[in-house]
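Novice: Sequence first, predicted model second:
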Amino acid sequence: MGNMLTSSFFNRKTETVARELLGKYLVRDIHGVKTNYVITETEAYIGPHDLACHASKGRTARTEVMYGKPGRMYIYFVYGMHYMLNIVTEEVGYPAAVLIRGIEGASGPGRLTKKLHIAKNLHGMTLSKKSGLWIEEGAYVSDKDILRTPRIGIEYAGDVWKNKKLRFVLKKK
DNA sequence: ACGATGATGAAC
DNA sequence: TTCATCATCGTA
């Protein structure tokens, strides 16, 4: 098993973190039963100026966690039925996060949280063995095996931000 | 193409 | 307090 990623991994540019999470293992421990899945798709949400980032609305109860320590989970509920898993990035005080959009065997942010039983009770917790959810090192991933596209479901974000290629997809072998 | 289904933020 | 919107998904 690889080493567990710690806060220093996430305390970097959000775009870099999103890129480097591809190929890493998302590990879930439920009552001692561990499962791990390769991360295959991510998106970067970068700071107060990014109109697609929830923090562009300002510092609220919902977005507060993004202003905190990198490596914590930002989990929110959308469309009345799906939980989204994000990992906080960059330094304390700068609101940014990476959305985990896909893992091996579960494509789509709502599908993977359902599969791994990830819900609001993990919101604000640090990725760690204690929380039962963490990320471990994986195999080297070449740029040739990665596709970059605009992010999904953010048509409202204005011409500049909606078109930025901040979605990272690991190509299938 | 569309409905499910509830939290969120902004308007009033 | 009401209202439109939403980082989606399953069914059609």
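Specialist: Perfect, thanks for sending it.
Novice: Now do the same for residue A:2: its pLDDT.
Specialist: Residue A:2 is assigned 87 on the pLDDT scale.
Novice: ok, it to DNA strand B distance?
Specialist: 33 Å (C-beta to the nearest atom of the strand, to the nearest Å). Any C-beta I mention is one placed from the backbone N, CA and C, and that applies to glycine too.
Novice: separation between the residue lying closest to that residue once chain neighbours are set aside and DNA strand C?
Specialist: Once flanking residues are discounted, residue A:2 sits nearest to residue A:137: 3.2 Å by C-beta to C-beta, 6 or more residues apart in numbering. Counting by C-beta to the nearest atom of the strand, the separation of residue A:137 from DNA strand C is 23 Å.
Novice: repeat for residue A:96
Specialist: 9 Å.
Novice: what does residue A:162 give?
Specialist: As judged by C-beta to the nearest atom of the strand, residue A:162 and DNA strand C stand 10 Å apart.
Novice: Give me the next element, helix or strand, following the one helix or strand that residue maps to.
Specialist: Using DSSP states H and E, residue A:162 falls within helix A:158-163. As assigned by DSSP H and E, the chain's next helix or strand after helix A:158-163 is strand A:167-170.
Novice: list the helices and strands the longest strand along chain A packs on?
Specialist: Ordering each strand of chain A by length in residues (DSSP state E) puts strand A:33-46 first. For strand A:33-46, the helices and strands in contact under the criterion 3 or more C-beta pairs under 8 Å, 6 or more residues apart in numbering; DSSP states H and E are helix A:14-21, strand A:25-30, strand A:96-103, strand A:106-107, strand A:167-170.
Novice: thinking again about what came up before, mind listing residues that contact the helix holding residue A:162?
Specialist: Contacts with helix A:158-163, where a contact means C-beta atoms under 8 Å, 6 or more residues apart in numbering, come from A:50-52, A:150-151, A:154-156.
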